[in-house]
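Student: Here is my input, please return the structure:
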Amino acid sequence: MPEFTFKEKKYNNPVELSLDVIGGKWKMPIIWRLREDILRYGEIRKSLPKVTHKMLTQQLRELESDEIIIRKVYPEVPPKVEYSLTLLGKSVIPVIDLLREWGEEYRSVFIK
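Tutor: Numbering: from 1, shown residues only. Just a heads-up that it's a prediction; the model follows:
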């Protein structure tokens, strides 16, 4: 496949684009936690205790920018913010599920 540009970034193939959108240490775990629930920032943070505030904020912003999640802000004090998956975000759940299954199979090869 020839190189292509998407959102002002160059990619060699669609896999690179996919990994750019959902890859990395925290994006898939965030998406996975949102698969069935709408969560507030603190709930996401509590479920990912090793992520820093800065990294979680950055990953949430990127997922929102890529239209994988929706950030809904309620006009109240203190501010209430909820995160949920878009239809596009929900469409990646089967992919993550397949990766989880593959990871389990891969791990089982080395566990005797």
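Student: helices or strands next to the longest helix along the chain in the packing?
Tutor: Ranked by residue count under DSSP state H, the longest helix found in the chain is helix 93-110. Where contact means 3 or more C-beta pairs under 8 Å, 6 or more residues apart in numbering; DSSP states H and E, helix 93-110 is packed against helix 14-22, helix 27-33. Where C-beta positions appear, they are placed from N, C-alpha and C, glycine not excepted.
Student: relative to helix 93-110, how tilted is the longest one?
Tutor: If I follow you right, that is helix 14-22. Interaxial angle, helix 14-22 versus helix 93-110 (axes from the mean of the first three to the mean of the last three C-alpha atoms, to 10 degrees): 100 degrees.
Student: Quick one: mean pLDDT for helix 14-22?
Tutor: Average pLDDT, helix 14-22: 95.
Student: what comes up buried for that helix?
Tutor: 16-17, 20-22 (16 or more other C-beta atoms under 10 Å).
Student: got the residues you listed as a markdown table, with distance to residue 56 columns?
Tutor: What follows is the buried residues of helix 14-22, written out as a markdown table (distance: C-beta to C-beta, whole Å):
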| residue | distance to residue 56 |
| --- | --- |
| 16 | 24 |
| 17 | 23 |
| 20 | 18 |
| 21 | 17 |
| 22 | 16 |
